[in-house]
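Chemist: Just to be clear, the model below is a prediction. Sequence and coordinates:
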Amino acid sequence: MGFYTTLSRLLGFVRDLVFAHSFGASAFTDAFFVAFRIPNFLRRLFAEGAFATAFVPVLTEYKAQRSPADLKSLIDHVAGTLALILCLISVLGILLAPVIIGLFAIGWVSDDAAGEKLALAGEMLRLTFPYLFFISLTAFAGGVMQVHNRFAAPAFTPVLLNLSLIGCALWLSPWLEQPVVALAWGVLIAGVSQCVFQIPFLAQLKLLPRFRISFRHPGVRRILRLMLPALFAVSITQINLLLDTVLASFLVSGSISWLYYSDRLVEFPLGILGVAMSTVLLPRLARDQAGQAPAEFARNLDWGLRLIVFCGVPAAAGLVILAGPIIATLFLSDVFVAHDVQMARLSLMAYASGLLAFLLIKVLAAACYAQQDTRTPVRIGMIAMSVNMVFNLLLIVPLQHTGLALATSLSACLNAFLLWRSLRTVYQPVAGWGLFCARIVIAGGVMSLLLVWLAPPLSVWLDQALWQRVLSLLLWIPLGIATYIVTLLLSGMRWRHISHSA
């Protein structure tokens with residue numbers, strides 16, 4: 001799973017590289033990113049978010065405690081009911097596309113000069129909205145496979161999205177009157193291909209669903225009860241990012257694109273480690289909960305948290321320090337100019353400061369949902385989103401788009417802390433956390449000082465040729481990782497300190 005997730009994230013880098021070099025950061029790219037962010041937000045809400053966290057624990061319980069016929073019946077009825085709900089939402093989204101764009105980019109509505117951008121975004125939303133239908137069914141299939149310990153196919157699926165977007169950007173866009181619309185077609189093609197890709201794997205498990213609609217099936221009712229509060233809580237980070245888009249529509253053109261590119265770079269470690277960890281950990285914790293094994297539950301959660309801290313600290317520090325060089329290396333071009341690099345660098349630094357919190361939320365939320373506890377994350381999510389809005393309003397004027405990114409990171413820190421505190425009754429940390437954290441902080445500090453001291457300033461990177469920037473990054477990133485690991489080893493850190501034995 002880690003391999004395919006890494007492959008997907010690397011292709012995501014290639015995808016964003018193609019976007020930046022082909023379309024830059026402009027009013028037109030702002031329009032696409034809004035048109036894609038809306039169904040993508042709903043995808044994370046329905047597919048990877050509330051649905052997955054409600055569906056996997058219930059399916060795990062059915063697999064452990066019910067007959068194969070009951071398990072198949074649950075899959076059939078969930079598939080049919082989910083498909084009906086998604087179909088209705090998708091049709092409404094297509095019909096109301098201009099209204100929805102106006103709600104999520106309200107700053108464009110009040111700007112007479114933004115009429116073309118608003119119309120273009122509405123046109124692309126009609127193409128991208130059906131993606132929600134197909135990708136949510138893809139997530140349903142992924143949940144079935146994860147419960148049966150089949151992780152490779154769900155992990156490979158995002159690769160198809162990146163390939164589709166890259167292909168449409170390179171080969172379809174020259175044929176269209178407005179080239180950026182090719183990206184919207186790429187999203188739609190990707191949704192269909194991702195859904196179809198799951199079919200043979202479900203057939204191999206003999207769990208290919210027969211779509212049956214029933215809101216009275218006991219399993220469906222339980223999943224819906226768990227989903228409703230989780231719709232808000234599990235995707236609080238995405239809600240905050242969407243609110244950033246709404247507020248960024250009031251800022252200068254390019255702001256939404258700068259936030260998008262910097263967010264995408266933070267999504268790389270978040271996707272490889274955070275999403276992969278929560279995907280693997282959720283069914284494991286759900287099995288511990290269903291088997292009434294609290295000691296194993298706490299032990300598995302402790303392992304997940306240690307691994308997140310071990311990897312998250314250097315990733316966050318590296319992104320903050322090398323934000324400018326990374327963006328310059330990946331995106332600097334004739335249409336993504338030095339000013340765009342400077343602006344995206346600022347928001348990347350702000351997002352990266354909250355990376356560890358984003359990662360911790362993935363694991364801590366999985367622990368809550370494994371217990372079928374959705375009320376606590378909802379309450380915490382409401383607090384975090386309220387705090388995020390306050391920080392948005394306080395920071396947007398002095399810091400512009402960077403303030404929006406920083407507000408998201410600050411609210412994520414609060415979210416992670418409150419989730420951790422809520423789990424104290426079921427989770428007691430394994431001994432050795434104090435020394436473990438001290439070693440991590442020392443190693444991260446040594447790595448950071450080395451990079452700050454030796455890495456050249458951004459102005460030097462901007463003047464270099466592409467091959468020079470690539471070689472420089474290939475030097476500094478491995479050097480930072482090696483420094484971090486060697487410092488940990490010299491401090492006495494060993495693998496057993498992560499895998500439970502203090």
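Modeler: Structure received.
Chemist: Tell me which stretches of the stretch 251-400 of the chain form helices.
Modeler: Using DSSP state H, counting those that start in this stretch, the helices of the stretch 251-400 of the chain run over 255-269, 276-290, 294-321, 323-331, 338-352, 355-370, 375-399.
Chemist: for the fourth one, packing partners?
Modeler: Same thing as helix 323-331. helix 2-23, helix 255-269, helix 338-352, helix 458-463, helix 466-490 (3 or more CB pairs under 8 Å, 6 or more residues apart in numbering; DSSP states H and E). Any C-beta I mention is one placed from the backbone N, CA and C, and that applies to glycine too.
Chemist: how about a markdown table for those, with mean pLDDT and mean neighbour count added?
Modeler: Conversion of those to a markdown table gives the following (pLDDT from 0 to 100; neighbours: other CB atoms under 10 Å):
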| stretch | mean pLDDT | mean neighbour count |
| --- | --- | --- |
| helix 2-23 | 81 | 18 |
| helix 255-269 | 86 | 24 |
| helix 338-352 | 94 | 23 |
| helix 458-463 | 85 | 15 |
| helix 466-490 | 90 | 15 |
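Chemist: To Thr329, which of those helices lies closest?
Modeler: Nearest to Thr329 among the helices and strands packed on helix 323-331 is helix 466-490; the distance by CB to CB comes to 4.2 Å.
Chemist: Specify the angle between that closest one and helix 294-321 in degrees.
Modeler: Interaxial angle, helix 466-490 versus helix 294-321 (axes from the mean of the first three to the mean of the last three CA atoms, to 10 degrees): 140 degrees.
Chemist: Residues contacting helix 466-490, please?
Modeler: For helix 466-490, contacts defined as CB atoms under 8 Å, 6 or more residues apart in numbering pick out 314, 318, 322, 325-326, 328-329, 332, 439-440, 442-444, 446-447, 450-451, 454-456, 461, 464.
Chemist: Can you get me a residue count around Leu406?
Modeler: Leu406 has 23 neighbouring residues, counting by other CB atoms under 10 Å.
Chemist: pretty sure it contacts Leu394?
Modeler: No: look at Leu406 against Leu394 with CB atoms under 8 Å: they stay out of range, at 9.9 Å.
Chemist: closest one to Gly186 among the helices and strands packed on helix 323-331?
Modeler: helix 2-23 (9.2 Å).
Chemist: Alpha carbons only: can I get the closest one in CSV?
Modeler: Only the C-alpha atoms of helix 2-23 are listed here, as CSV (Å, rounded to 0.1, in the frame of the first residue of the first chain):
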residue,chain,number,x,y,z
GLY,A,2,2.8,2.4,0.8
PHE,A,3,4.4,1.8,-2.6
TYR,A,4,1.2,2.6,-4.5
THR,A,5,0.4,5.6,-2.3
THR,A,6,3.9,6.9,-2.9
LEU,A,7,3.5,6.3,-6.7
SER,A,8,0.2,8.2,-6.6
ARG,A,9,1.8,11.1,-4.8
LEU,A,10,4.8,11.2,-7.1
LEU,A,11,2.4,11.3,-10.1
GLY,A,12,0.5,14.0,-8.2
PHE,A,13,3.7,16.0,-8.3
VAL,A,14,4.0,15.4,-12.0
ARG,A,15,0.4,16.4,-12.4
ASP,A,16,0.8,19.7,-10.6
LEU,A,17,4.1,20.3,-12.5
VAL,A,18,2.1,20.0,-15.7
PHE,A,19,-0.6,22.3,-14.4
ALA,A,20,1.9,25.0,-13.4
HIS,A,21,3.9,24.8,-16.6
SER,A,22,0.8,24.6,-18.9
PHE,A,23,-1.6,27.0,-17.1
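Chemist: Who are the packing partners of that helix?
Modeler: helix 27-45, helix 152-167, helix 255-269, helix 323-331.
Chemist: Next, the contact list for the residue nearest to Phe134 when sequence neighbours are not counted, please.
Modeler: Nearest non-adjacent residue to Phe134, counting by CB to CB, 6 or more residues apart in numbering: Gly191, 3.4 Å away. Gly191 makes contacts with Pro130, Tyr131, Leu132, Phe133, Phe134, Ile135, Thr138, as judged by CB under 8 Å, 6+ apart.
Chemist: do you know how far the fifth one is from Phe36?
Modeler: Distance check for Phe134 against Phe36: by CB to CB, to the nearest Å, it reads 14 Å.
Chemist: likewise the third one?
Modeler: From Leu132 over to Phe36 the distance is 11 Å, taken as CB to CB.
Chemist: Correct me if wrong: Phe250 contacts Gly107.
Modeler: Yes: judged on CB under 8 Å, Phe250 makes contact with Gly107 at a distance of 3.6 Å.
Chemist: average model confidence for stretch 289-301?
Modeler: Averaging pLDDT along stretch 289-301 gives 78.
Chemist: low pLDDT regions in the stretch 201-350 of the chain?
Modeler: Residues of the stretch 201-350 of the chain meeting the criterion pLDDT under 70: 229-242, 290-292.
Chemist: If we use 90, what do you get?
Modeler: Within the stretch 201-350 of the chain, the segments meeting pLDDT under 90 span 205, 214-216, 219, 222-257, 259-261, 263-265, 267-304, 329-337.
Chemist: pLDDT value on Ile100, please?
Modeler: 87.
Chemist: Then Leu423?
Modeler: Model confidence at Leu423, expressed as pLDDT, equals 89.
Chemist: Count the neighbours of it for me.
Modeler: As a burial measure, Leu423 scores 18 neighbours (other CB under 10 Å).
Chemist: So which bits of the helix or strand containing Leu451 are buried?
Modeler: Secondary structure assigned from DSSP states H and E places Leu451 in helix 433-454. Residues Phe436, Arg439, Ile440, Ile442, Ala443, Gly444, Val446, Met447, Ser448, Leu450, Leu451 are the ones in helix 433-454 that count as buried (16 or more other CB atoms under 10 Å).
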